[in-house]
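A.B. asks: quick check, what structure comes out for this input:
(one chain, ligands or ions: 1)
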Amino acid sequence: MELRTLPTADLTPAGRRELRALLDDAFAGDEHFSDEDWGHALGGVHVLARRDGELVGHAAVVGRQLLAGDRTLRTGYVEAVAVAAHARRQGIAGAVMAEVERLVRGGFELGALAASEDGAALYDARGWTRWTGPLRCLTPDGVVDGDDSWVYVLPVEPVDATGVLVCDWRRGSLW
Ligand SMILES: CC(C)(COP(=O)(O)OP(=O)(O)OC[C@H]1O[C@@H](n2cnc3c(N)ncnc32)[C@H](O)[C@@H]1OP(=O)(O)O)[C@@H](O)C(=O)NCCC(=O)NCCS
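C.D. replies: Residues are numbered from 1 along each chain as shown. So this is what the prediction gives:
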């Protein structure tokens, strides 16, 4: 398997289409990969896994600001973690996440993501911390309560995962 890390600007038009197809297929079950989800995965860095030339795995790291207590943390937010259905449970997401964790530790104060059920098992296995404190969001109308997302963090510096965590505003799902 070959791993590549590259910014969105270096994805070719064909590469973008190939990635979107992988994500549409991977989230085809009870979830749905929307245009807004796609937008959330762009603008940062992509980790792409290929096997025999075929794109089989992906994760993106995009910059967000999260507030934990009175601290504003430069956060590497992980989006669009996916492995092709036929290639699962062979360690591909683990290899992609190892590179994601390197990017987070080297460039950010916190790693964070919202997990699906499959994803939660992966992040638990990799030692990410489930955020058990209240989730809130900064919106144009002020701070609102967050949804019931399962948020996981990778602390680069110590952080209290039982306190309040506030995310910045964006279109679509806030977490
Ligand atoms: C979640 C997903 C990316 C995992 O990809 P993967 O390549 O199968 O994961 P790995 O093989 O690297 O798994 C590493 C470890 O994570 C855990 N794990 C991963 N998927 C799991 C699952 N479905 N159930 C239980 N444990 C799981 C296991 O501990 C696994 O080690 P093991 O196989 O030796 O037991 C993949 O199932 C997927 O694309 N799902 C659909 C999209 C999605 O939900 N993405 C996550 C968004 S947050």
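A.B. asks: any regions of this structure where pLDDT drops low?
C.D. replies: 30 (pLDDT under 70).
A.B. asks: the most centrally placed residue in the chain in helix, strand or coil?
C.D. replies: Residue closest to the average C-alpha location in the chain (C-alpha atoms, centre = their mean): residue 78, at 1.9 Å. Three-state assignment for residue 78 (DSSP: H, G, I helix; E, B strand; the rest coil): strand.
A.B. asks: what sits against the residue nearest to it when sequence neighbours are not counted?
C.D. replies: Distance criterion C-beta to C-beta, 6 or more residues apart in numbering; nearest residue to residue 78, sequence neighbours excluded, is residue 113 at 3.9 Å. No exception for glycine: its C-beta is placed from N, CA and C like everyone else's. By C-beta atoms under 8 Å, 6 or more residues apart in numbering, the contact list for residue 113 reads 77, 78, 79, 81, 119, 123, 128, 151, 152.
A.B. asks: now residue 20: closest residue in space that isn't a chain neighbour?
C.D. replies: residue 38 (6.3 Å).
A.B. asks: and what of residue 82?
C.D. replies: For residue 82, ignoring the flanking residues on the chain, the nearest one in space by C-beta to C-beta, 6+ apart is residue 26 at 3.5 Å.
A.B. asks: my read: that neighbour touches residue 85, true?
C.D. replies: Yes: assessed by C-beta atoms under 8 Å, residue 26 is found in contact with residue 85 at 6.9 Å.
A.B. asks: surely residue 137 is in a strand?
C.D. replies: Yes: secondary structure of residue 137 (three-state DSSP): part of a strand.
A.B. asks: just grab the bridge partners of it for me.
C.D. replies: residue 144, residue 167 (DSSP bridges).
A.B. asks: neighbours around it, how many?
C.D. replies: Applying other C-beta atoms under 10 Å, we find 18 residues neighbouring residue 137.
A.B. asks: how far away is it from the ligand?
C.D. replies: 18 Å (C-beta to the nearest ligand atom, to the nearest Å).
A.B. asks: verify the stated contact: that residue with residue 166.
C.D. replies: Yes: between residue 137 and residue 166 there is a contact under C-beta under 8 Å: 6.6 Å.
A.B. asks: before we move on, the earlier item: which of the contacts of residue 113 sit farthest apart?
C.D. replies: Greatest spatial distance among the contacts of residue 113 (C-beta to C-beta): 79 and 128, at 14.7 Å.
A.B. asks: still on that earlier bit, just the contacts of residue 113 now: which is nearest the ligand?
C.D. replies: residue 119 (2.7 Å; C-beta to the nearest ligand atom).
A.B. asks: and the closest one, that one's in a helix?
C.D. replies: Yes: per three-state DSSP, residue 119 lies within a helix segment.
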